[in-house]
Structures are given as C-alpha cells and as structure tokens.
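Undergrad: coordinates only, sequence not included:
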C-alpha cells in the first residue's frame with residue numbers, strides 16, 4: 001500500500017473512533033489542481049455545516065508561513081467557522097483534567113487561548 005493510502009486508512013480509523021463518541025466527523029480526500037487548499041477546506045466546511053475545523057500545523061514560524069503559504073494560517077481568514085490549529089507533537093489532554101492548550105481562531109481571524 002502506498003504511504004498516502006496508509007495515512008488515509010489511519011485517519012479513517014480515527015474518524016470512525018471519533019464518530020463512535022457521538023461527535024460527527026467528516027473525512028473527504030480531495031485533489032483539485034489549481035484550487036487553494038484553505039479555500040477547498042472552507043468550502044467543504046460550509047457544505048457539511050461544520051461547527052469547527054481541526055487542522056494540523058507543521059510548526060513553522062508565522063514569517064515562514066507567510067512565504068510558504070501556510071494553510072493553517074490562511075484557513076481562519078476564509079473559514080465559515082472556528083479553526084483549531086494543532087501543532088506537531090501536541091498531546092491530547094487527559095480526560096477530566098480540564099486542560100486544553102490550543103488556540104481557536106474565529107472566521108474573523110481573532111484568536112483566544114482555551
């Protein structure tokens with residue numbers, strides 16, 4: 001199996017686990033040449049009525065993101081709902097700990113620590 005196929009299957013398993021926890025999650029693998037990835041994700045979020053978009057980051061600085069075209073930096077500007085950007089190596093909080101160290105950005109681009 002190709003590395004991309006392995007990753008898709010792994011993500012499908014996570015989506016299945018999340019869905020069993022009564023959280024509606026959607027996985028759609030798309031390839032639209034010429035379309036900006038952030039806009040594609042925002043359009044899909046609108047289509048499915050998403051309450052939040054969760055996106056991973058590569059851990060680049062904001063300056064590098066501007067020049068490299070970071071999807072995680074562009075997405076809050078075009079998304080119809082809040083965007084949760086998860087940095088590399090971020091661990092999920094232990095259940096019941098009441099701690100969530102993440103940043104949520106609204107469609108307007110403001111950010112607030114949780």
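TA: Nice, I can see it. Because the structure is predicted, anything quoted here is derived from the model rather than measured. Numbers count the residues shown, from 1 in each chain.
Undergrad: How is the chain divided into domains?
TA: 1-30, 32-113 (automatic domain parsing).
Undergrad: Select the helix or strand of the chain having the lowest average pLDDT value.
TA: strand 111-113 (a mean of 38; mean pLDDT, DSSP states H and E).
Undergrad: weakest of the domains of the chain in terms of mean pLDDT?
TA: Here the lowest mean pLDDT among the domains of the chain goes to domain 32-113, at a mean of 72.
Undergrad: State the distance from residue 54 to residue 25.
TA: 9 Å (CB to CB, to the nearest Å). The C-beta positions use only the backbone N, C-alpha and C, and glycine is treated the same way.
Undergrad: Also residue 38?
TA: Relative to residue 25, and taking CB to CB, residue 38 is found at 19 Å.
Undergrad: More neighbours: those two, which one.
TA: residue 38 (22 against 16; other CB atoms under 10 Å).
Undergrad: ok, now which ones touch that one?
TA: 71, 74, 75, 77, 78, 79 (CB atoms under 8 Å, 6 or more residues apart in numbering).
Undergrad: Can you show me the strands along the chain?
TA: Using DSSP state E, the strands of the chain run over residues 53-56, 83-86, 103-105, 111-113.
Undergrad: Residues contacting the longest helix along the chain, please?
TA: The longest helix of the chain (DSSP state H) is helix 3-20. Contact partners of helix 3-20, identified using CB under 8 Å, 6+ apart, comprise 1, 25, 26, 27, 29.
Undergrad: The residues you listed into TSV, with extra columns for distance to residue 58?
TA: As requested, the contacts of helix 3-20 are exported to TSV (distance: CB to CB, whole Å):
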residue	distance to residue 58
1	24
25	22
26	23
27	20
29	19
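Undergrad: Let me see the contact set for residue 58.
TA: Taking CB under 8 Å, 6+ apart as the test, what residue 58 contacts is 70, 72, 88.
Undergrad: Among these, which lie within helices?
TA: Going by DSSP H, the helices hold residue 72 from these.
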